[in-house]
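> Generate coordinates for the sequence data below:
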Amino acid sequence: MNDDKITNILVCGIGGQGVMTAADILAEAALRQGWDVKKTEVAGMAQRGGVV
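Predicted coordinates:
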């Protein structure tokens, strides 16, 4: 990876859209390409069967 270049990717959406899965896949692909990956997940109060 070129240390002079920083790429920020924001993946966001609402419950049930597969955002966390998409972020997992993207992070894994970047890791396999040798990128330094930082990933965090923030889920709101309405999650896992709750009202959105």
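
> burial measure for the residue nearest to Thr7 when sequence neighbours are not counted, as a count.
The shortest distance from Thr7 to any non-neighbouring residue, by C-beta to C-beta, 6 or more residues apart in numbering, is to Trp35 (7.9 Å). The C-beta positions use only the backbone N, C-alpha and C, and glycine is treated the same way. As a burial measure, Trp35 scores 11 neighbours (other C-beta atoms under 10 Å).

> Give me the pLDDT for Trp35.
pLDDT for Trp35: 93.

> I'd like the mean pLDDT over stretch 4-13, please.
For stretch 4-13, the mean confidence score works out to 89.

> Dump the C-alpha coordinates for that stretch into CSV.
Taking C-alpha atoms only, stretch 4-13 is exported to CSV below (Å, rounded to 0.1, in the frame of the first residue of the first chain):
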residue,chain,number,x,y,z
ASP,A,4,0.8,8.7,0.8
LYS,A,5,-2.7,7.8,-0.2
ILE,A,6,-5.6,7.5,2.2
THR,A,7,-8.9,6.2,1.1
ASN,A,8,-12.0,6.6,3.3
ILE,A,9,-15.1,4.6,2.6
LEU,A,10,-18.4,5.1,4.5
VAL,A,11,-21.0,2.4,4.2
CYS,A,12,-24.4,3.4,5.8
GLY,A,13,-28.0,2.5,5.7
